[in-house]
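*Asks:* here is the input, now give the coordinates:
(2 chains)
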Protein chains: 2
Amino acid sequence: MGFKKIPVKGMCDITPSEMRLRQKLLSDIRSSYAKFGFEEIETPVMEHIENLTSKQGGENEKLIFKVMKRGAELERSKASGKELADCGMRYDLTVPLARFYANNGAKLLSPFKAMQIGCVWRADNPQKGRFRQFMQCDIDILGDGTNFAEIELITATADMLAHIFGEGGPKLTVHVNDRRILTAVALKAGFSAEDTASALISLDKLDKIGYGGVGEELVNKGFCKELAERYLGIYKNCADGITCAEFCASAGCGDKEVIDSLSEIIDCCSTAVGNKALITFDPSLVRGMGYYTGPIFEVTLEGFPFSVAGGGRYDEMIEKFSGVKTNAVGFSIGFERIVTVLKDLRGQEMKLTENGVAFIIEKGASVQKKMSVFAEAQALRAGGAVVTVQPMKKNLKFQIDELIANGYTDVRRIYAKEL
Amino acid sequence: MGFKKIPVKGMCDITPSEMRLRQKLLSDIRSSYAKFGFEEIETPVMEHIENLTSKQGGENEKLIFKVMKRGAELERSKASGKELADCGMRYDLTVPLARFYANNGAKLLSPFKAMQIGCVWRADNPQKGRFRQFMQCDIDILGDGTNFAEIELITATADMLAHIFGEGGPKLTVHVNDRRILTAVALKAGFSAEDTASALISLDKLDKIGYGGVGEELVNKGFCKELAERYLGIYKNCADGITCAEFCASAGCGDKEVIDSLSEIIDCCSTAVGNKALITFDPSLVRGMGYYTGPIFEVTLEGFPFSVAGGGRYDEMIEKFSGVKTNAVGFSIGFERIVTVLKDLRGQEMKLTENGVAFIIEKGASVQKKMSVFAEAQALRAGGAVVTVQPMKKNLKFQIDELIANGYTDVRRIYAKEL
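*Replies:* So this is what the prediction gives:
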């Protein structure tokens, strides 16, 4: 009949036991961020196609799900060979936030601490643990040019993650760096100003392909071998746990104001989060998105090969929407990855209830009997219990076992005749 | 620069104060339905275009936002003049549920009590209070052929709405009818079997255009005046509060089993919900969707001209996806309408906090001072307080007033030098 029962490619149905885990996690995230004064907002899942293809989204712009024009306008566009889409699904929560702030900023507290929880869509090739529809949770501070914004974001994220994984959970590390230091190092090594972005893109692959791979890539891009070696040498010789000031001194570059501010971020966050997380300077942290302008950060969990959160300062994006220069810093957590980690760590399913009551009524029971069952069920619910009422099945034993397995430990049988 | 700061047509940005109202409402709905054993599930926002254009969605199928194919497949489809979309945004939560159950039914409790909370999209002409992206909350019971499913759904919805509006809220009425009785009346009046659907579509407009209007429409459709009058006469002569049995007796039609079952639904629900809502037989309730096969219901609030929830039994839809006959009953609440009603009734805004703490730090404060502020902020948060830290502004008085107005009643100023 043409009906398809599996979801569209790369997207998932979420069954009750996973939903319970996700809802618990969302509620923990919301309450944890709320203590920092982050205020939740929501934007439509679709954005104007012009906003999504404005070069703010880097590689993600190639992955947009486009939404078609409708009716007469679609026909006109087809006839004239124009763009057939007027909207697209958002590929991140940052572009919508920039638009939101341009549209609503006047009504909001300043600085504005935003929280966004919502799905984003990317027409990527689906892989294990990577979907075409996935949830993101972002916090952003708009309108604060001081490093308090970075400190609040890092502290809030570390605090939230520590709370979620609980005591005995995997060790959290927040890696911190600054785009301006990365650029200064590339310049110091001898890259021209227009080549620093390219150098950073290669350096970003260090985790995956190592110094050998990055060096090779730089040479393949046409940079001379000596330059590549001089550049990577600066990073290779770093001791673990090197401070930002030490690194910049040994590299012989970096602006004092930038170094002091980054050190302050690390010191203040370390004091605030205590032993819940290690806040550390990471000289080779790059972060993919080109729109970052200052400090950048990323969170890793001991024993897991991916980061679970990342962010940074992007002081130039909102101006492109509003025309008004607006400081902005954001931290985005990878909700789906955290779900994966929690499933890995806990394994067990969350049940609907632990001590629910189920009434099962035999066919032919009188109206009076049914009325009293439904009234009793309501009275139990008013007392806080989870209660269900259902017809008695032929295989009564199976029915009762299944109910008990699902947490309805109190199963009450109502027969048509008194026994 | 081509950036647009307003959202796409018919969709809204949701600011913090409205988000707080919505989140509170969602959390009340979830906890209220959970007591009945409804389990939350989620499906992707996009469905295969074939599933959405399968004549299950009635008029809504004309309003689908279509999502374009991508890459080489798009080019091939353009060249060959084929459909350019492979997916569409869901226009309701019922079609996705039918697909979900066909895909996942084997893993679920039976009967399965589903809860879905999510947005749907319709490319309708935007009107006041009517949007192109809006939230729906549905509960459905799948796999229960008895009227316990209707009783549980109606009781759960009435209980939830009564809880949300609270004591002193507008009076709730649940209107109940049955498609089979509607059809029997049309046949009895003299419509042929193939014309009953058309008669029902006209009768559905009674609220809006009255008996005169419905009669005129029937005549315009080509039915004779006597038939229209005979048909409407059956409804016109009904006393308020007429029971299902009385109505069917006076109309001289209706199957005894159907009448008894509907009476049982009304009796059991009335006992269970007590004075929280009036459950009443409404002979002229039709409900738009053609897929209903049995009892139908709708909730109204005294003083508001629209229904806030509606549903019914649709025993034939899921089979179209799974090939397996599956009983199904659903109740959908109009989340956006309830938000509108709550705003109307309460008026006042929910604040972020009532007694938050704000630290405002003057430029030039020492690192030590900042470290101690951020540590103190964390200690206060650990104690449950909402705390924010921000830079001191030039207009300090305005800054403090704004913070206090937003519920940060304890504003602490940190100066660079001791005063």
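*Asks:* just for the stretch 1-150 of chain A, where's the confidence low?
*Replies:* A:1-2, A:56-58 (pLDDT under 70).
*Asks:* that one: strands as residue ranges?
*Replies:* A:39-40, A:46-48, A:66-68, A:85-89, A:112-121, A:133-142 (DSSP state E, counting those that start in this stretch).
*Asks:* let's have those strands in a markdown table, adding distance to residue B:207 and mean neighbour count.
*Replies:* Heads up, the C-betas are built off the backbone N, CA and C, glycines and all. As requested, these are exported to a markdown table (distance: least, Cβ to Cβ, whole Å; neighbours: other Cβ atoms under 10 Å in any protein chain shown):
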| stretch | distance to residue B:207 | mean neighbour count |
| --- | --- | --- |
| strand A:39-40 | 37 | 21 |
| strand A:46-48 | 33 | 24 |
| strand A:66-68 | 34 | 24 |
| strand A:85-89 | 35 | 23 |
| strand A:112-121 | 36 | 22 |
| strand A:133-142 | 39 | 23 |
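*Asks:* out of those strands, which gets nearest to chain B?
*Replies:* Closest of the strands of the stretch 1-150 of chain A to chain B is strand A:39-40, at 3.7 Å (criterion: Cβ to the nearest Cβ).
*Asks:* quickly check: that closest one near chain B or not.
*Replies:* Yes: interface with chain B: strand A:39-40 contributes A:39-40 (Cβ under 8 Å from any Cβ of the partner chain).
*Asks:* same question for stretch A:59-67.
*Replies:* Yes: using Cβ under 8 Å from any Cβ, stretch A:59-67 comes into contact with chain B via A:65-67.
*Asks:* tell me the buried residues in that stretch?
*Replies:* A:60-61, A:63-67 (16 or more other Cβ atoms under 10 Å in any protein chain shown).
*Asks:* and of the residues of stretch A:59-67 next to chain B, the nearest to residue A:278?
*Replies:* residue A:65 (38.4 Å; Cβ to Cβ).
*Asks:* that closest one contacts residue A:123, correct?
*Replies:* Yes: using Cβ atoms under 8 Å, residue A:65 is in contact with residue A:123, at 5.5 Å.
*Asks:* between these two, what contacts are shared?
*Replies:* A:132, B:70 (Cβ atoms under 8 Å, 6 or more residues apart in numbering or on different chains).
*Asks:* contacts for stretch A:85-95, please.
*Replies:* Contacts of stretch A:85-95 (Cβ under 8 Å, 6+ apart): A:43, A:45-49, A:51-54, A:56-57, A:60-61, A:63-69, A:73, A:96, A:116, A:118, A:120-122, A:136, A:138, A:140, A:291, A:314, A:317, A:330, A:332, B:8, B:65, B:67-68.
*Asks:* check the offset of that stretch from the chain's centre.
*Replies:* 16 Å (Cα atoms, centre = their mean, to the nearest Å).
*Asks:* can you give me the end-to-end span of it?
*Replies:* End-to-end distance for stretch A:85-95, by Cα to Cα, to the nearest Å: 18 Å.
*Asks:* in stretch A:247-254, what's buried?
*Replies:* Quick answer for stretch A:247-254 (16+ other Cβ under 10 Å): A:247-248, A:251, A:253-254.
*Asks:* state the mean pLDDT of it.
*Replies:* In this model, stretch A:247-254 has a mean pLDDT of 94.
*Asks:* is stretch A:97-113 anywhere near chain B?
*Replies:* Yes: with Cβ under 8 Å from any Cβ as the measure, stretch A:97-113 is seen reaching chain B through A:99-100, A:102-104, A:107-111, A:113.
*Asks:* tabulate the buried residues of stretch A:59-67 (CSV), appending distance to residue A:414.
*Replies:* Formatted as CSV, those follow (distance: Cβ to Cβ, whole Å):
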residue, distance to residue A:414
A:60, 57
A:61, 61
A:63, 55
A:64, 56
A:65, 51
A:66, 55
A:67, 51
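*Asks:* domain ranges for chain A?
*Replies:* A:16-180+A:265-346, A:357-414 (automatic domain parsing).
*Asks:* check the ones you listed for me and report the most buried one.
*Replies:* domain A:16-180+A:265-346 (a mean of 20; mean count of other Cβ atoms under 10 Å in any protein chain shown).
*Asks:* can you give me the end-to-end span of it?
*Replies:* End-to-end distance (Cα to Cα), domain A:16-180+A:265-346: 17 Å.
*Asks:* next up, the contacts around the nearest residue to residue A:193 once chain neighbours are set aside.
*Replies:* With Cβ to Cβ, 6 or more residues apart in numbering or on different chains as the criterion, residue A:193 has its nearest non-adjacent residue at 6.8 Å, and that residue is residue A:187. Applying Cβ under 8 Å, 6+ apart, we find residue A:187 in contact with A:193, A:196, A:253.
*Asks:* any chance of the backbone angles for residue A:187?
*Replies:* Backbone torsions of residue A:187, given as degrees, to the nearest 10, read phi -60, psi -40.
*Asks:* also residue A:181?
*Replies:* phi -70, psi -40.
*Asks:* who in the stretch 251-400 of chain A is up against chain B?
*Replies:* A:264, A:267-269, A:271-274, A:320-322, A:352-353, A:356, A:361, A:363, A:367, A:370-372, A:374-375, A:377-378, A:381, A:384-391.
*Asks:* and with 7 Å instead?
*Replies:* Neighbours of chain B within the stretch 251-400 of chain A, by Cβ under 7 Å from any Cβ of the partner chain: A:264, A:267-268, A:271-272, A:320-322, A:352, A:356, A:361, A:367, A:370-371, A:374-375, A:378, A:381, A:386-391.
*Asks:* looking at the stretch 301-419 of chain A, what residue ends up closest to chain B?
*Replies:* residue A:388 (3.8 Å).
*Asks:* make sure that residue is indeed in a strand.
*Replies:* Yes: under DSSP: H, G, I helix; E, B strand; the rest coil, residue A:388 sits within a strand.
*Asks:* for the closest residue to it other than its chain neighbours, phi and psi?
*Replies:* Excluding its sequence neighbours, the residue lying closest to residue A:388 (Cβ to Cβ, 6+ apart) is residue B:37, at 3.8 Å. With angles defined as degrees, to the nearest 10, residue B:37 sits at phi 80, psi 10.
*Asks:* what's near enough to touch residue B:37?
*Replies:* Remark: with contacts taken as Cβ atoms under 7 Å, 6 or more residues apart in numbering or on different chains, residue B:37 is in contact with A:352, A:356, A:386-388, B:113.
*Asks:* in a markdown table, list those along with distance to residue A:237.
*Replies:* Below are the contacts of residue B:37 laid out as a markdown table (distance: Cβ to Cβ, whole Å):
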| residue | distance to residue A:237 |
| --- | --- |
| A:352 | 56 |
| A:356 | 62 |
| A:386 | 61 |
| A:387 | 67 |
| A:388 | 66 |
| B:113 | 63 |
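*Asks:* from those, which shows the smallest pLDDT?
*Replies:* For those, the pLDDT minimum is residue A:352, 88.
*Asks:* pretty sure that one contacts residue A:408?
*Replies:* No: with contact defined as Cβ atoms under 7 Å, residue A:352 does not count as touching residue A:408 (8.4 Å).
*Asks:* residue A:342 in helix, strand or coil?
*Replies:* helix.
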